[in-house]
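Student: I'll drop the sequence and a predicted model, then ask my questions.
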Amino acid sequence: MSYWLWGLPDGPIETVIGMGFSNKSMEGVFHEVELAAEIELENVNPWEPPFPITICRQPKDSLQSIWNRNRPW
């Protein structure tokens, strides 16, 4: 939650690393999405799927707009 409050960094952003978001959800926001890894997290609910890490490029909207729409609370 606190990461959202920090906002976006200054300057242009060409690549976003998605952590914990499925390819399908990221493909709704970016034109190019690549699954970089799926990690099995120890000491986490065993029924949860592997934790996906995606590399995302070419946002379909401005990153500021995407950031504002995805407020976690």
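Tutor: Okay, I see it. Numbering: from 1, shown residues only.
Student: CA only for contacts and neighbour counts going forward, please
Tutor: OK.
Student: what does the average pLDDT come to for the longest helix anywhere in the chain?
Tutor: In the chain, with assignment by DSSP state H, the single longest helix is helix 63-69. In this model, helix 63-69 has a mean pLDDT of 88.
Student: CA-only coordinates of that helix in CSV, if you can.
Tutor: Extracted C-alpha coordinates of helix 63-69, given in CSV (Å, rounded to 0.1, in the frame of the first residue of the first chain):
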residue,chain,number,x,y,z
LEU,A,63,1.5,5.4,-16.6
GLN,A,64,0.1,8.1,-14.4
SER,A,65,-3.4,7.1,-15.4
ILE,A,66,-2.7,3.4,-14.8
TRP,A,67,-1.2,4.2,-11.4
ASN,A,68,-4.2,6.3,-10.4
ARG,A,69,-6.7,3.5,-11.4
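Student: Could you pull out the strands in the chain for me?
Tutor: Using DSSP state E, the strands of the chain run over 15-19, 30-39, 51-59.
Student: In a markdown table, list the ones you listed along with mean neighbour count and distance to Asn45.
Tutor: Putting the strands of the chain into a markdown table (neighbours: other Cα atoms under 10 Å; distance: least, Cα to Cα, whole Å) gives the following:
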| stretch | mean neighbour count | distance to Asn45 |
| --- | --- | --- |
| strand 15-19 | 15 | 17 |
| strand 30-39 | 15 | 13 |
| strand 51-59 | 19 | 11 |
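Student: Which among those is found nearest to Asn70?
Tutor: strand 15-19 (12.7 Å; Cα to Cα).
Student: can you state the direction angle for that closest one and strand 30-39?
Tutor: 40 degrees (axes from the mean of the first three to the mean of the last three Cα atoms, to 10 degrees).
Student: Name the nearest residue to the spatially most central residue of the chain, ignoring sequence neighbours.
Tutor: Nearest to the geometric centre of the chain sits Gly18, at 2.7 Å (Cα atoms, centre = their mean). Nearest residue to Gly18, sequence neighbours excluded (Cα to Cα, 6 or more residues apart in numbering): Thr54, at 4.9 Å.
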